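Visitor: pasting the sequence and the predicted model now:
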Amino acid sequence: MTEHRPGSWRRPLAMIAAVLTASSGTLLVTPAPASAFAPKPPPLSTPWTDQVSTTNPLPEYPRPQLTRPDWQSLNGTWQFAGATNLDNPPVNTPLGEEVLVPYPIESALSGIMRRQDYSYYRRTFTVPAGWAGRNVQLNFGAVDWQSKVWVNGTLLGTHEGGYDKFSYDITGALRTGANEVIVGVWDPTDSQDIPVGKQRLHRGGIWYTPYSGIWQTVWLEPTNAARITRLDTTPNVPAGGLDLVVQAANASGRTVTAQVLTGGTVVGTATGTVGSSFRIPVPNARLWTPDNPFLYDLKVTLGGGGDAVGGYFGMRTLGKSMLGGVLRPTLNGRFVYQLGTLDQGYRPDGISTAPTDAALRFDLEQQKALGFTMVRKHIKVESDRWFYWADRLGLMVWQDMPALASGREPSALGRQRFERELKEMIDEHKGITSIVQWVPFNEGWGEYDAGRIADQVKRWDPTRLVNHNSGSNCCDSDPDPGNGDVIDDHLYVGPGLTRAPTATRIAVNGEYGGLGLRAPGHEWPSDGKFAYEWLPDSTALTNRYIQITSKLIDLINGNGLSGSVYTEPTDVEEELNGFFTYDRRIRKMDFTRVREVNLRVLGAANGTTLPTNRLASLRVTTPGYTDRYLRHRDGLARTDVIATSSSPTDRQDATFTIRPGLSNDACYSFESRNFPGRYLRHRGHRVYTEANTGGTFPADATFCARPGLSGGGTSLEASNLAGYYLRHRNAEVWIDPDTGGPFRDDATWAVSAPLWRSGADLAVNQKRSFRVTTPGYDNRHLRHRDGLARTDIITTGSPATDRADATFTVRTGFADTSCYSFESVNYPGQYLRHSGYRLQKSPNDNTPIFHQDATFCAQPPLNGGPGNVSLESINYPGYYWRHYAEAVYIATNGGGNTWDNPASYAADATWNNAEPLG
């Protein structure tokens, strides 16, 4: 990849600063050298660093939801100075440095590249002559954290909040010709209780460089005295229109007219009143989805010769619904799996601010191209243009509230600030189509009154889901209050869930992954590099991503998972777990393969992709019957109530191996777990389990997966009878066409975790030994020595202790009776269990974690061979007993540990189920 270096910016200084006398409360001024202004070289440059203009940076109109044709950007070089307070604005006083607005002062692009608790910005501007007779608004996208603004020496106001926009009508302070604007900023970061997100004065690890001052666009625009200030849009698909509340200044009681347009053609018009909701018809609305992110244009005019503004919106519904027997989030009434990334919004050149609009768009475009449907904007609020691109590209957004500092109880003042800024965030973004969920807290950082806050957010915006605390199983979290719409667990490396969805809350995995790869020359220049698991190269990283992300399929189908968030799209400072390096120059994974597995996950969620050569059970989704499973009995397929406490025969009868379709490998066939070679097939429209008899059997035993007819789960269409679906009626299973009534529910199945989890059988209460099958090492057996599992050469002539150490009694699994636990014959009551990935012998302490760690499911041998078996951890799916350098671990092929080495993995993880040595 071509190396890009910072460009050479050149612009004459606006003026040479005078030296100010130092006294209490005065400016801290450094005389500027008589040289050209240039941003400083960043620690890492991005492909857009040298595209930044010093005269007109970020020139795009900054507020796509409320547009006016006339405006003037004030982005560019301003004068700058540090200070000790904000009590002495430098009116008519030149400052000693220059700063490039709107990049935060800590960033290289700003030209300052240092921190100041207090600082002043100063510049002059001239109002265009064509604006005569109109009011002039001075708009700020965001200033972190407290700001005071003066125009021509007049204090216009004080604003607090680092992530929300604000404006002043400066008409009364203007004068003919040049005007002076001064912005004073105080930013305490985490030294005080303010919403800071990931910013820290003492940065490092998962905490990042703070940013302060002006960090979003500053601009002027002319308006009438009566002007529109915000458009609160709520699509109302059932009513066939857009519900609109027009917020305005100096316009109480005024009428407003709104038009909905597409391609310049007006499709709906309505008139209402400022501050009150009214509905504009949107006939035959095209709905916004990630696959088709269609947006309508909006034009709103204030009555009485008033203001006129433009905007946009998407038509879509949000909600949650019991689909396929599981509570799911819905988009337009259907379950759309929320496959997302943890997008932190940091950059090495502009820190919080993208160098260009193309750079801002790039991150979202890449995530969309990888197959993601959602972005979790992690405890930061982006500029309006970021949300515009999310809307335009079709990425759902979970919007976090920037957190108060972690590790301490927030003060009363901090709580007031937090709730004020939380309401601002929600109010300012009600019209963003892509936002589907609000997240007020993360992992308990600064958490307080979480139940009350979740309810308050729901009152402020009842149209979206509320996730009271992402990662409520983690870290600083208070006890889960049980309200809100979401159960959100974090699990690294994961993915995984610790809790199931309920009748009122969906279940998501709000963070998982964190797989790391070093990329020398493309890393932030600091020590303490961090990832949750390190991989040696791009191929291994890609393999591992595919491996862990594939687990989402089982979690979606078997555990009711509705969304997941991978950490993360790019490296961030010390964190090296991105798809891209921090400078966005290096792709750390094979993006084609990443997209393929992501699409498989989405296919599993919409019912069209099933896991082949894996065990599964088919659960009924019809309300009132969701404890029933499809099973075979006496050759007939039927449904019965079956649970993990049911008999082994019932559980095996209700477990099938999903195979590629016998007549069409794009579809599926279902092989009996306990009668290999027998498949579900239809004959005379009734469904049986039978062996392949040739003729029409392969087609009769092949079913094509379709999105669940009831809106969730999977429907299985007969491959040779179009329109006929596998369905249950009166406990019998048939293939039928849609007959109305409960058909759609009856013909929708949840492809769930297998009721019988072992795919191979071991004899319970029998002594066995397990011999290595790897060529050249097949004279070794698994044994315990000094408590640890390892392999040694042991024969019938070995000492009795060695032979006993290599012999185990197979017991019914502690955590699942369809799996197994292995008791030492010479240490009764002690069992093989994993701890820190190492297999070892430990006494049963009867804790749930021991029972899980000591339970293993027997599976067909990964490397084949008669009498062989592979043994999979029940609580670490995909991890098998594996010998490596004589020691024995639970290992996964291509994982981040040394013993996950893919070389000879399948053979090393295959054991011969041998006669007992002791």
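Guide: The structure has been received and is ready for your questions.

Visitor: switch to C-alpha atoms for all contacts and neighbour counts from now on
Guide: Noted.

Visitor: please enumerate residues in contact with stretch 521-540?
Guide: Residues outside stretch 521-540 that contact it (CA atoms under 8 Å, 6 or more residues apart in numbering): 43-44, 204-205, 348, 492-493, 513-518, 541, 572-577, 581-583, 585-586, 588-590, 894-897.

Visitor: surely Asp792 touches Asp778?
Guide: No: at 10.1 Å, Asp792 does not count as touching Asp778 under the criterion of CA atoms under 8 Å.

Visitor: more crowded one of these two?
Guide: The residue with more neighbours, out of Asp792 and Asp778, is Asp792; 20 against 13, by other CA atoms under 10 Å.

Visitor: quick one: classify the more buried one as helix, strand or coil.
Guide: Following DSSP: H, G, I helix; E, B strand; the rest coil, the label given to Asp792 is strand.

Visitor: quick one: pLDDT of it?
Guide: pLDDT, Asp792: 96.

Visitor: contacting residues for the closest residue to it other than its chain neighbours?
Guide: Nearest non-adjacent residue to Asp792, counting by CA to CA, 6 or more residues apart in numbering: Arg780, 4.9 Å away. Neighbour list for Arg780: 771-772, 791-794 [criterion: CA under 8 Å, 6+ apart].

Visitor: how about Arg780, phi and psi?
Guide: Note on Arg780: its backbone torsions stand at phi -100, psi 150 [degrees, to the nearest 10].

Visitor: gap between it and Arg838?
Guide: Distance of Arg780 to Arg838, computed by CA to CA, to the nearest Å: 18 Å.

Visitor: how about Trp460?
Guide: From Trp460 to Arg838 the distance is 50 Å (CA to CA).

Visitor: strands along the stretch 201-350 of the chain, start to end?
Guide: 213-214, 218-223, 227-236, 241-249, 255-262, 265-273, 277-281, 296-302, 308-313, 318-323, 326-331, 334-335, 338-343 (DSSP state E, counting those that start in this stretch).

Visitor: which of these is buried the deepest?
Guide: strand 213-214 (a mean of 29; mean count of other CA atoms under 10 Å).

Visitor: on contacts alone, who are the packing partners of that one?
Guide: Counting contacts by 3 or more CA pairs under 8 Å, 6 or more residues apart in numbering; DSSP states H and E, strand 213-214 packs against strand 143-144.

Visitor: tell me the mean pLDDT over the very next helix or strand once past the strand it packs on?
Guide: Once the chain leaves strand 143-144, the next helix or strand it forms, by DSSP states H and E, is strand 146-151. Average pLDDT, strand 146-151: 98.

Visitor: and strand 146-151, C-alpha only, in PDB?
Guide: Extracted in PDB, the C-alpha atoms of strand 146-151 (Å, rounded to 0.1, in the frame of the first residue of the first chain):
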ATOM      1  CA  GLN A 146     -18.000  24.600  28.500                       C
ATOM      2  CA  SER A 147     -17.900  27.600  26.100                       C
ATOM      3  CA  LYS A 148     -18.500  31.300  26.300                       C
ATOM      4  CA  VAL A 149     -19.000  33.200  23.100                       C
ATOM      5  CA  TRP A 150     -18.500  37.000  22.500                       C
ATOM      6  CA  VAL A 151     -19.200  38.900  19.300                       C
END
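
Visitor: I'd say Thr330 and Gly319 touch.
Guide: Yes: counting by CA under 8 Å, Thr330 touches Gly319, with 5.1 Å between them.

Visitor: could the strands of the stretch 201-350 of the chain go into CSV alongside mean pLDDT and distance to Arg633?
Guide: CSV is the format used below for the strands of the stretch 201-350 of the chain (pLDDT from 0 to 100; distance: least, CA to CA, whole Å):
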stretch, mean pLDDT, distance to Arg633
strand 213-214, 98, 71
strand 218-223, 97, 72
strand 227-236, 96, 49
strand 241-249, 97, 53
strand 255-262, 97, 58
strand 265-273, 97, 59
strand 277-281, 98, 56
strand 296-302, 97, 55
strand 308-313, 97, 54
strand 318-323, 94, 28
strand 326-331, 95, 27
strand 334-335, 94, 33
strand 338-343, 98, 38
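
Visitor: for those, which one sits closest to Gly96?
Guide: strand 213-214 (17.0 Å; CA to CA).

Visitor: strands paired with that closest one, and their directions?
Guide: Strand pairing for strand 213-214, determined by DSSP bridges: strand 143-144 (antiparallel).

Visitor: hang on, Gly272 packs against Thr255?
Guide: Yes: counting by CA under 8 Å, Gly272 does reach Thr255; the two are 5.6 Å apart.

Visitor: which helix of this structure spans the most residues?
Guide: With secondary structure taken from DSSP state H, the chain has its longest helix at helix 538-559.
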